[in-house]
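Engineer: Pasting a predicted model and its sequence here:
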Amino acid sequence: MTTEQIVLAFRPKGMPTLSNFTFESIELPEIQSGQVLLKGWYYSVDPYMRGRMNDAKSYSPPFQLDKPIEGGVVAIVTESKSELYKKGDVVLGFLPWRQDMIVSEKDIHKIDTSLAPAGYYLGILGMPGLTAYFGIMHIGKPKATDTVVISGAAGAVGLVAGQIAKIQGCRVIGIAGSDEKVKVILEEFGFDGGINYKTEKNIQKAVAELCPNGVDIYFDNVGGEISDAVISNLNFHARVALCGQISLYNSTEGPVGPRIQPMLLTRSVLMQGFIVGNYQDQFPEAIKQLGQWTKSGKLRYTETIIHGFDQLPTALLGLFKGKNTGKMIVEV
């Protein structure tokens with residue numbers, strides 16, 4: 001059987017381009033006992049993938065040159081030699097960017113599309129939702145009197161993080177990259193205030209005006225000058241959940257900014273970097289809670305869906321230009 005895959009052709013310097021990706025046709029082998037043949041349905045694109053395009057030590061190993069990009073994929077079983085799966089089952093796994101793929105039964109698990117749409121398992125019930133949950137609940141430790149600021153507020157993680165903070169009774173301010181996105185977080189997702197960082201001349205002042213009593217929890221998705229501005233407004237005993245630094249991922253020079261250690265020291269601030277895998281043993285508890293909030297309507301969700309397997313590289317690059325509201329996925 002012939003299928004198509006997308007491989008990393010060479011490592012980018014700075015912002016990746018479409019030339020970093022190559023499309024290849026390959027012949028799949030015969031399916032063996034304990035394996036299933038899958039057809040990809042939804043493919044996740046995520047900011048962390050940019051780091052894996054570098055040949056650098058990190059929490060996830062680099063993508064290999066001339067090998068398929070890998071990520072979260074919802075797929076349909078089209079042939080099975082496994083006792084665990086039958087034709088037509090919908091499954092989730094960390095899988096290669098191929099249209100069809102043969103994988104071990106150990107590398108996937110079944111999802112229930114009667115509880116939520118399949119794409120949600122790459123978003124609110126997947127890595128982004130879990131990331132938001134653990135960042136707010138375990139690092140932020142929200143109290144009803146807290147003021148919370150979310151950067152990247154209109155993204156897949158930010159939208160969920162802000163809503164979880166609202167569920168806990170917090171006042172929530174979001175920072176996003178367009179007036180349209182600010183409108184969305186205010187009118188559709190219940191944030192109490194919003195800042196368009198692209199048009200706001202003084203973000204530090206804007207945060208101070210919207211947070212007159214200071215910032216108790218900062219959920220940091222972006223880093224850079226935006227985070228400098230928020231950190232200057234932190235309260236005593238504030239908590240910073242360090243989730244992402246997307247503003248710096250394509251930087252070719254070492255960033256220079258304020259030295260934040262004096263602020264952390266003198267205000268007894270906790271700043272903790274984390275990845276969702278740190279909490280793997282608590283995934284069932286978190287998924288159950290996210291599912292309950294979603295079913296009850298307390299958590300709302302939105303997706304930016306791009307159509308076509310050939311659009312995967314374009315969708316990934318679009319993350320770094322703010323092309324998405326909510327979770328960006330590619331549907332085949």
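Structural biologist: Sure thing, it's come through. The structure displayed is predicted, hence computed values, not measured ones.

Engineer: and the gap between the residue nearest to the spatial centre of the chain and Gln35?
Structural biologist: Nearest residue to the geometric centre of the chain (CA atoms, centre = their mean): Pro128, 4.3 Å. As defined by CB to CB, to the nearest Å, Pro128 lies at a distance of 29 Å from Gln35. C-beta: built from backbone N, CA, C; applies to glycine.

Engineer: repeat for Thr3
Structural biologist: 15 Å.

Engineer: that older thread, surely the residue nearest to the centre of the chain meets Ile164?
Structural biologist: No. In this structure, Pro128 is not within contact of Ile164 by CB atoms under 8 Å, at 11.9 Å.

Engineer: Quickly list what's touching both of these two.
Structural biologist: Common contacts of Pro128 and Ile164 (CB atoms under 8 Å, 6 or more residues apart in numbering): none found.

Engineer: At which residues are the helices of this protein located?
Structural biologist: Taking DSSP state H to define them, one finds helices in the chain at 48-52, 127-134, 156-167, 179-187, 203-210, 224-231, 261-266, 283-296, 312-319.

Engineer: Distance from the chain centre to the last one, please.
Structural biologist: Between the centre of helix 312-319 and the centre of its chain there are 13 Å (CA atoms, centre = their mean, to the nearest Å).

Engineer: Same question for that helix: list its buried residues.
Structural biologist: 312-313, 315-319 (16 or more other CB atoms under 10 Å).

Engineer: Those residues into TSV, with extra columns for distance to Thr22 and pLDDT?
Structural biologist: TSV is the format used below for the buried residues of helix 312-319 (distance: CB to CB, whole Å; pLDDT from 0 to 100):
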residue	distance to Thr22	pLDDT
Leu312	12	98
Pro313	10	97
Ala315	17	97
Leu316	14	96
Leu317	15	95
Gly318	19	95
Leu319	20	92
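
Engineer: Looking at the residues you listed, spot the one nearest Ile203.
Structural biologist: The nearest member of the buried residues of helix 312-319 to Ile203, counting by CB to CB, is Leu319 at 21.2 Å.

Engineer: got a list of what that closest one touches?
Structural biologist: Contacts for Leu319 were tallied using CB under 8 Å, 6+ apart; they are 45-47, 246, 328.

Engineer: sorry, back to before: tell me which of the helices of the chain lies nearest to Gly140.
Structural biologist: Comparing the helices of the chain by CB to CB, helix 156-167 comes nearest, at 7.2 Å.

Engineer: what about the closest one, average pLDDT?
Structural biologist: In this model, helix 156-167 has an average pLDDT of 97.

Engineer: how many neighbours does Met263 have?
Structural biologist: 17 (other CB atoms under 10 Å).

Engineer: Do I have it right that it meets Val240?
Structural biologist: No. In this structure, Met263 is not within contact of Val240 by CB under 8 Å, at 10.3 Å.

Engineer: list residues touching both of the two?
Structural biologist: Shared contacts of Met263 and Val240 (CB under 8 Å, 6+ apart): 231, 234, 269.

Engineer: returning to what we had before: any idea which of the contacts of Leu319 is closest to Phe283?
Structural biologist: Closest to Phe283, out of all of the contacts of Leu319 and judged by CB to CB, is Asp46, at 17.1 Å.

Engineer: for that closest one, what are its contacts?
Structural biologist: 71-72, 127-128, 156, 319.

Engineer: ok, now how distant is the residue nearest to the centre of the chain from Cys243?
Structural biologist: From Pro128 over to Cys243 the distance is 10 Å, taken as CB to CB.

Engineer: Now for these two: what residues contact both?
Structural biologist: Val157.

Engineer: neighbouring contacts of stretch 30-41?
Structural biologist: By CB under 8 Å, 6+ apart, stretch 30-41 touches 1, 28, 73-82, 85, 90-91, 95, 98-106, 108, 118, 309, 331-332.

Engineer: Which members of those are classed as buried?
Structural biologist: Buried among the contacts of stretch 30-41 (16+ other CB under 10 Å): 73-75, 77, 79-80, 82, 85, 90-91, 95, 98-103, 105, 108, 118, 309, 331-332.

Engineer: returning to what we had before: could I get the helices of the chain as a markdown table with distance to Glu303?
Structural biologist: As requested, these are exported to a markdown table (distance: least, CB to CB, whole Å):
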| stretch | distance to Glu303 |
| --- | --- |
| helix 48-52 | 18 |
| helix 127-134 | 10 |
| helix 156-167 | 8 |
| helix 179-187 | 13 |
| helix 203-210 | 28 |
| helix 224-231 | 24 |
| helix 261-266 | 36 |
| helix 283-296 | 13 |
| helix 312-319 | 12 |
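
Engineer: of those, which approaches Ile173 most closely?
Structural biologist: Between the helices of the chain, helix 203-210 lies closest to Ile173; by CB to CB that is 5.0 Å.

Engineer: Buried ones in the closest one, by neighbour count?
Structural biologist: By 16+ other CB under 10 Å, the buried positions in helix 203-210 come out as 203-204, 206-207, 210.

Engineer: Make TSV from those and add distance to Phe274 and pLDDT to it.
Structural biologist: What follows is the buried residues of helix 203-210, written out as TSV (distance: CB to CB, whole Å; pLDDT from 0 to 100):
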residue	distance to Phe274	pLDDT
Ile203	24	97
Gln204	25	97
Ala206	27	98
Val207	23	98
Leu210	26	98
